[in-house]
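Peer 1: sequence and predicted model, in that order:
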Amino acid sequence: MLTDLADRGLLDNTLVVWMGEFCRTPKYEDDAGGRNHYSEGWLVGLSGGGVKMGQAIGATDKDNIKSPIGRSVCRLFVTFCHVLGMDPRDEYFRIKINR
């Protein structure tokens, strides 16, 4: 998809976001039968939209459990707004028009 967007000249104007709602615990837990969901450690991949490529931003704690250190979900969504040319302080409403 990224190659197709780039070939069509659309990648610079399109923000592609790859993210999940959570990751897995970094350790296998015998009593739980596997690796639990872990809402404090997650990752996001961004491409296009003028985002500088090849960056790794953020980190986890020394046990690879809590993330992102020094970053927040709010800052991530501010980044989305910035790339899309939106002011994150504005309110946007979707108005349903019956036709």
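Peer 2: Thanks, I have the structure now.

Peer 1: tell me what the residue positioned nearest the centre of the chain is bridged to.
Peer 2: Centroid-nearest residue in the chain, with C-alpha atoms, centre = their mean: Val44, separated by 3.6 Å. Beta-bridge partners for Val44, by DSSP bridges, are Met19.

Peer 1: name all residues that make contact with it.
Peer 2: Val44 makes contacts with 17-19, 76, as judged by C-beta atoms under 8 Å, 6 or more residues apart in numbering. The C-beta positions use only the backbone N, C-alpha and C, and glycine is treated the same way.

Peer 1: out of those residues, which end up buried?
Peer 2: Leu76 (16 or more other C-beta atoms under 10 Å).

Peer 1: switch the contacts of Val44 over to CSV; also include pLDDT.
Peer 2: Output for the contacts of Val44, formatted as CSV (pLDDT from 0 to 100):
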residue, pLDDT
Val17, 91
Trp18, 90
Met19, 85
Leu76, 82
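
Peer 1: what about the residue of the chain most remote from its centre, distance to Met1?
Peer 2: Within the chain, Arg99 marks the point farthest from the mean C-alpha position, 35.6 Å out by C-alpha atoms, centre = their mean. For Arg99, the distance to Met1 (C-beta to C-beta, to the nearest Å) stands at 32 Å.
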